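S.K.: Build me a structure from this.
(one chain, ligands or ions: 1)
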Amino acid sequence: MIEREDGRKTNLAYLADRFMIQLEAGHKVIRHIRDGDYVLFNRQPSLPNMSIMGHRIRVMPYSTFRLSLSVTSPYNADFDGDEMNLHVPQSRQTRAEVQEVMLVPHCIVSPQGNKPGMGIVQGTLLGCMLFTQRDTFLQRDFFMNLLMHVGDWDGVVPEPVIYKPKPLWTEKQIFSLVLPPVNLIRFNITHPDDENTDISPGDAKLFISKGELVCGIIDKKTVGTSANRLIYVTWKEFGPRVTDKMISQIQVLVHNYVLHQGQSIGIGDTIADEATMRNVIQTIQNAKDEVKELVRKAQEKELTLLPGKGMMEAFETEVNRALNGVRDKSGSSAQYSLLKSNNIKRMVSAGCKGPFINISQICACVGQQNVEGKRIAYGFTRRTLPHFVLDDLGPESRGFVAYPGGADNAEYTQ
Ligand SMILES: [Mg+2]
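M.R.: Reported below is the predicted structural model:
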C-alpha cells in the first residue's frame with residue numbers, strides 16, 4: 001500500500017497498472033515484513049533489559065514464532081504455550097537502535113552478572129559432550145558429511161589423526177573448525193575424579209590453543225553461561241558478532257551429528273544392578289530401624305534433649321536427620337554402579353538436564369520430603385492423609401518415599 005502525505009492510500013493489490021503510481025519524497029510504502037528486517041522481540045514479564053532484544057527476520061510458513069534455543073535463556077522462554085510479542089520498528093532511528101544496541105549478539109554478556117546470559121543448552125549441550133569424547137573417531141564419509149555443516153568452511157580437509165589401516169579423524173578436529181582463534185585453559189570440575197594433570201583418563205583438562213581444541217570435553221562448564229569460559233572469552237576477544245556466529249555454528253554442526261548418532265532414554269537407564277539394589281534396600285531398612293529405635297527411646301523418655309527444645313522437637317529433628325541421609329547414601333552407590341554410557345548420567349554430566357540428585361531419586365530412593373525443613377505436617381486431624389491411622393509417626397505417613405513398588409514389595413523385602 002502507498003500512503004501519500006495527505007493521508008490518501010492506494011492498495012497495490014487492487015491496482016490495475018502499478019506504473020500509474022509515481023513514488024515521491026514523503027510517500028510511505030506500507031509493505032510486508034521481509035527476510036533481514038530488524039524487529040524487537042519480547043517475552044513478559046520484561047524484567048531485565050534482555051527481555052526485549054533485536055532480531056533479524058527470516059519469514060517462514062505458519063503462525064508460530066521460531067527462535068534459536070540459545071536465546072531462550074535470557075527470555076526465560078520454553079515451548080509449553082509461551083506467548084511472545086514482536087514489534088516492527090517504523091523509523092530509521094528505531095531501526096538503528098535495534099541494530100546497534102538491542103540486537104541479540106550485543107546482549108550476550110549480561111550487565112547484571114558480568115557474564116554471558118546465553119550459551120549452548122539442552123540437546124546441543126549433550127551433543128557437544130558426546131561430540132568431543134576422546135574415544136570416538138570418524139570415518140571419511142561421515143567426516144565429509146559433517147564438514148558440509150561447518151558454517152564457513154574454507155575447503156581445507158584436516159589431516160586424519162590415524163592413517164592406517166583406515167584414515168580416521170577425531171570429532172575434536174571438526175569442532176575446532178567452528179571455533180574462533182581463542183586460547184583457553186580450564187579444568188572441568190564436572191568430572192568425578194579429582195584429575196589435575198595435563199592429560200588424564202577423564203579428559204578433565206580443557207585446552208584450546210588458537211581455536212584448536214587440543215584436549216578436554218566440551219560440556220556446560222565450557223560452553224554454558226559461566227564467566228571466563230568459551231562464550232565469555234570469545235565475546236571479550238572477538239566481539240558480539242563472532243560469538244553469535246560461533247554459537248550458531250556449534251548448534252548447526254552438533255545438531256547434524258546428533259541427527260546421525262541418535263540419542264534416546266528409556267526404562268533401562270533407570271535400573272541399577274542387583275547388588276546395588278540390595279545395598280539400597282539395606283540402607284532404607286537401617287534408617288527405618290533407626291526410626292523405630294527413636295520411637296522406643298521417645299516413649300521411654302530416653303531421648304537426649306537439645307537445649308531449648310521439647311521432647312517432640314528433639315524426636316522430629318533426629319528422625320528427619322536419619323531419613324534425609326537415606327537418599328544420599330543409597331543414591332551414591334546407585335550412581336557409582338551406573339555406566340558412563342547411561343543416558344541419564346550422560347545428560348546430568350553434560351549439564352543439560354537435572355542435578356546429580358535426580359539420578360539417586362530415579363534409580364534408588366526418592367527420599368524424605370521436607371516442608372520448611374520439617375517432615376510433612378498433619379493436614380487432616382492428627383494425620384497427613386485419610387488412609388493413615390491417627391498419630392502415625394512412622395516414615396511413610398510423614399513423607400518418606402522409599403522406592404517404586406512400595407515399602408512391602410515382596411520381591412525386595414525377601
Ligand atoms: Mg513456559
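S.K.: For the stretch 301-414 of the chain, which segments count as helices?
M.R.: All helices of the stretch 301-414 of the chain, identified by DSSP state H, counting those that start in this stretch, fall at 311-337, 343-350, 356-363, 410-413.
S.K.: Output the second one as PDB, nothing but the C-alphas.
M.R.: Yep, that's helix 343-350 we're talking about. Output of helix 343-350 as PDB, limited to C-alpha atoms (Å, rounded to 0.1, in the frame of the first residue of the first chain):
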ATOM      1  CA  ASN A 343      21.700 -41.900  29.200                       C
ATOM      2  CA  ILE A 344      20.600 -40.200  32.400                       C
ATOM      3  CA  LYS A 345      24.100 -40.000  33.700                       C
ATOM      4  CA  ARG A 346      25.200 -38.600  30.300                       C
ATOM      5  CA  MET A 347      22.600 -35.800  30.500                       C
ATOM      6  CA  VAL A 348      23.500 -34.900  34.000                       C
ATOM      7  CA  SER A 349      27.200 -34.900  33.500                       C
ATOM      8  CA  ALA A 350      26.900 -32.800  30.200                       C
END
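S.K.: Can you say which of the helices of the stretch 301-414 of the chain is nearest to residue 208?
M.R.: helix 343-350 (18.2 Å; C-beta to C-beta). Bear in mind the C-beta positions are built from the backbone N, C-alpha and C, glycine included.
S.K.: which helices and strands does that closest one pack with?
M.R.: Contacts defined by 3 or more C-beta pairs under 8 Å, 6 or more residues apart in numbering; DSSP states H and E place helix 343-350 against helix 122-131, helix 356-363.
S.K.: Grab the nearest non-local neighbour of residue 15.
M.R.: Distance criterion C-beta to C-beta, 6 or more residues apart in numbering; nearest residue to residue 15, sequence neighbours excluded, is residue 21 at 7.1 Å.
S.K.: Test my guess that the one you found contacts residue 2.
M.R.: Yes. The pair residue 21 / residue 2 is scored as a contact, 5.9 Å apart, by C-beta atoms under 8 Å.
S.K.: overlap in contacts of these two?
M.R.: With contacts taken as C-beta atoms under 8 Å, 6 or more residues apart in numbering, residue 21 and residue 2 have 10, 12 as neighbours in common.
S.K.: More neighbours: which of those two?
M.R.: residue 2 (19 against 14; other C-beta atoms under 10 Å).
S.K.: Could you pull up the contacting residues of that one?
M.R.: By C-beta under 8 Å, 6+ apart, the residues touching residue 2 are 9, 10, 12, 21, 23, 27, 28, 29, 30.
S.K.: What is the most widely separated pair among the residues you listed?
M.R.: Within the contacts of residue 2, two members stand farthest from each other by C-beta to C-beta: 9 and 23, at 13.9 Å.
S.K.: Strands of the stretch 201-350 of the chain, start to end?
M.R.: With strands called from DSSP state E, counting those that start in this stretch, the stretch 201-350 of the chain shows them at 205-209, 212-215.
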